[in-house]
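Student: The following block contains a protein sequence and its predicted model.
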2 protein chains.
Amino acid sequence: MSEDTTIGRPGQRRRGVERRREILDRAIEVFRQRGADGTSLRRIAESIGVSHAALLHYFDSREQLLVAVYDHAAAKRAEEEAAHPVEPGTEEMIAAAIANVEVPGLVQLYSTLVAAALEVDSGVGKEYFTSRFERLRAELGETFRSQQAEGRIRDDVSADHLAALLIAASDGLQIQWLLDESVGLSDTLRTFGRLLQAPRAS
Amino acid sequence: MSEDTTIGRPGQRRRGVERRREILDRAIEVFRQRGADGTSLRRIAESIGVSHAALLHYFDSREQLLVAVYDHAAAKRAEEEAAHPVEPGTEEMIAAAIANVEVPGLVQLYSTLVAAALEVDSGVGKEYFTSRFERLRAELGETFRSQQAEGRIRDDVSADHLAALLIAASDGLQIQWLLDESVGLSDTLRTFGRLLQAPRAS
């Protein structure tokens, strides 16, 4: 019986999916504490207590594992956020940025993967982050467009530009803050929200 | 005669500085074309046509070489920009961002080094980028403060927050643009400039 047939059996397949999730859950804990830190697939396997071969059974490469870890962490975060909804748009981005920097290892993983996605030969990472940015811009752009239509934010600027700017500013500020906490992450992002309103008389 | 004494002789020292600059000039060309792409110190040495030992004579580690390459490229860029001055503040940042993405390998090198600087054990990179961000924020904050005093941009927001926001937005947008050119780098950054003015009547 070939490996593929074995994997194809419903019970086995389900157990495979569960095992994969279990590995990702444990990997997130490792990254929470330490970040990617240039670790090899072998060292990651050791840290989460599975064999190197087992890891390669579920993930083709180090990059694929790391992207899966980031994606799994982002999905868990989205679930938590759905349970405590905040106002969409700037406030939501501020809440997400604050939650991110509480887990420096994951910001570091994200930054490392995005940098790797810029490499000419990048595979799974380039696709993943290109479509992730596209989806985020589309969602946030839609939110800003609605807020413009409701007269809640200024409408003399492109909602799509605002979305790209806020996503970029949030990514960049998390990095600046992790290097130097005097930057003031939420205050600075709140200033972006202020810019979406007409100036107060001085 | 010890190595240190040899290096300390004026003629030798000068030749050492020249050789170091020569290595950095050649390394920049390699990165221009290919980015860091996870290359080892040995492969970098091969690409620029010096021995691995020679490279280790001038740079203690791969990270130190890469930071020196980035710093050397940034210094050259600053010289070029000084020859073609544009308006300080947002316009200057737009010009710099456009110049950056014309050399994707250097944006990728920058992003990789900044991500590595977030690692717990990061050495030279953490110091370098922490003080680089600090200096950039201080300079741009000063520019925005002057423009506020002259009544050229809105003054109901912190000039220091604007500086941190624009630097973060520029870094983040260069990445988004390299992954997807439909983002519109200069248009989007110009929208940031627009936000510093009162809204136009709609």
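Tutor: Cool, the structure landed.

Student: what about A:Gln64, which SS state?
Tutor: Secondary structure, DSSP: H, G, I helix; E, B strand; the rest coil: A:Gln64 is helix.

Student: ok, it touching A:Ser122?
Tutor: No. The pair A:Gln64 / A:Ser122 is not scored as a contact, 11.5 Å apart, by Cβ atoms under 8 Å. C-beta coordinates here come from the backbone N, C-alpha and C atoms, glycine included.

Student: which residues of chain A fall in helices?
Tutor: For chain A, applying DSSP state H gives helices covering A:3-8, A:10-34, A:41-48, A:52-58, A:62-83, A:90-101, A:104-117, A:124-149, A:159-179, A:185-195.

Student: And those: which comes nearest chain B?
Tutor: When those are compared by Cβ to the nearest Cβ, helix A:159-179 sits nearest chain B, at 2.6 Å.

Student: still on that earlier bit, in TSV: the helices of chain A, plus distance to B:Gly49, mean pLDDT and mean neighbour count.
Tutor: Formatted as TSV, these follow (distance: least, Cβ to Cβ, whole Å; pLDDT from 0 to 100; neighbours: other Cβ atoms under 10 Å in any protein chain shown):
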stretch	distance to B:Gly49	mean pLDDT	mean neighbour count
helix A:3-8	46	46	10
helix A:10-34	37	81	15
helix A:41-48	32	81	17
helix A:52-58	36	87	15
helix A:62-83	30	90	16
helix A:90-101	42	93	18
helix A:104-117	26	90	24
helix A:124-149	30	96	18
helix A:159-179	34	97	25
helix A:185-195	45	97	19
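
Student: Same list as before, these that is, but in TSV and with distance to B:Arg190 included.
Tutor: Output for the helices of chain A, formatted as TSV (distance: least, Cβ to Cβ, whole Å):
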stretch	distance to B:Arg190
helix A:3-8	52
helix A:10-34	37
helix A:41-48	43
helix A:52-58	46
helix A:62-83	31
helix A:90-101	20
helix A:104-117	24
helix A:124-149	17
helix A:159-179	8
helix A:185-195	14
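
Student: Could I get the contacting residues of A:His52?
Tutor: A:His52 sits next to A:Leu41, A:Arg42, A:Ala45 when contact means Cβ atoms under 8 Å, 6 or more residues apart in numbering or on different chains.

Student: Quick one: residues contacting the first one.
Tutor: In other words, A:Leu41. A:His52, A:Leu55, A:Leu56, A:Phe59, A:Ser61, A:Arg62, A:Leu65.
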